[in-house]
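# Structure, please.
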Amino acid sequence: MRAYLDHCCLNRPFDDQSLLTIRLETEAKLGIQEKSKSGHLSLGWSYILDFENNANPFSERRVEIQRWKEVADSFVNETEEILIKMNELTAIG
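Presented below is the predicted three-dimensional model:
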């Protein structure tokens, strides 16, 4: 099974953990990453993650998140098909 964690999810451990929902989301994210490191899950990565992470104003977070790209075993690059679909979805809100 392949998992894809968006940038907000990858940043979750850096958020204030005093709220139960944030703590539970952090634990779920860490569990997914642990299963990815152990080979029980496949981790996907995309060019959008690179784009969003490069814009992260916190350098220590940016470095930590970038390390997960090395764990990923599948990569999605920008294609014309993706851009067309993005424009279609954007047009309908």
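
# Report the secondary structure state of A3.
Under DSSP: H, G, I helix; E, B strand; the rest coil, A3 falls in the strand class.

# Next, count neighbours for it.
Look at A3: counted by other CB atoms under 10 Å, it has 15 neighbours. Placement of C-beta: from N, CA and C, glycine included.

# ok, it touching K37?
No: counting by CB atoms under 8 Å, A3 sits too far from K37 to count as a contact (11.9 Å).

# so who does the nearest residue to K35 once chain neighbours are set aside touch?
In space, and not counting its chain neighbours, K35 is closest to L41: 4.1 Å by CB to CB, 6 or more residues apart in numbering. Counting by CB atoms under 8 Å, 6 or more residues apart in numbering, L41 makes contact with M1, R2, A3, I32, K35.

# Can you name the residues in contact with stretch 68-79?
So stretch 68-79 is contacted by 2, 5, 10, 33, 36-37, 42-47, 49-50, 82 (CB under 8 Å, 6+ apart).

# Between those residues, which sits nearest N56?
L10 (9.4 Å; CB to CB).

# Can you tell me how far E34 is from L89?
Distance, E34 to L89, by CB to CB, to the nearest Å: 32 Å.

# just checking, what's the longest helix in the protein?
helix 20-37 (DSSP state H).

# Report the backbone C-alpha coordinates of that helix in PDB.
Output of helix 20-37 as PDB, limited to C-alpha atoms (Å, rounded to 0.1, in the frame of the first residue of the first chain):
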ATOM      1  CA  LEU A  20      -5.700  16.300  21.500                       C
ATOM      2  CA  THR A  21      -6.600  16.300  17.800                       C
ATOM      3  CA  ILE A  22      -3.200  17.700  16.800                       C
ATOM      4  CA  ARG A  23      -1.400  15.100  19.000                       C
ATOM      5  CA  LEU A  24      -3.500  12.200  17.500                       C
ATOM      6  CA  GLU A  25      -2.800  13.500  14.000                       C
ATOM      7  CA  THR A  26       0.900  13.700  14.800                       C
ATOM      8  CA  GLU A  27       0.900  10.100  16.200                       C
ATOM      9  CA  ALA A  28      -0.900   8.900  13.000                       C
ATOM     10  CA  LYS A  29       1.700  10.700  10.800                       C
ATOM     11  CA  LEU A  30       4.600   9.300  12.800                       C
ATOM     12  CA  GLY A  31       3.100   5.800  12.600                       C
ATOM     13  CA  ILE A  32       2.800   6.000   8.800                       C
ATOM     14  CA  GLN A  33       6.400   7.200   8.500                       C
ATOM     15  CA  GLU A  34       7.600   4.400  10.700                       C
ATOM     16  CA  LYS A  35       5.800   1.900   8.600                       C
ATOM     17  CA  SER A  36       7.400   3.500   5.500                       C
ATOM     18  CA  LYS A  37      10.900   3.300   6.900                       C
END
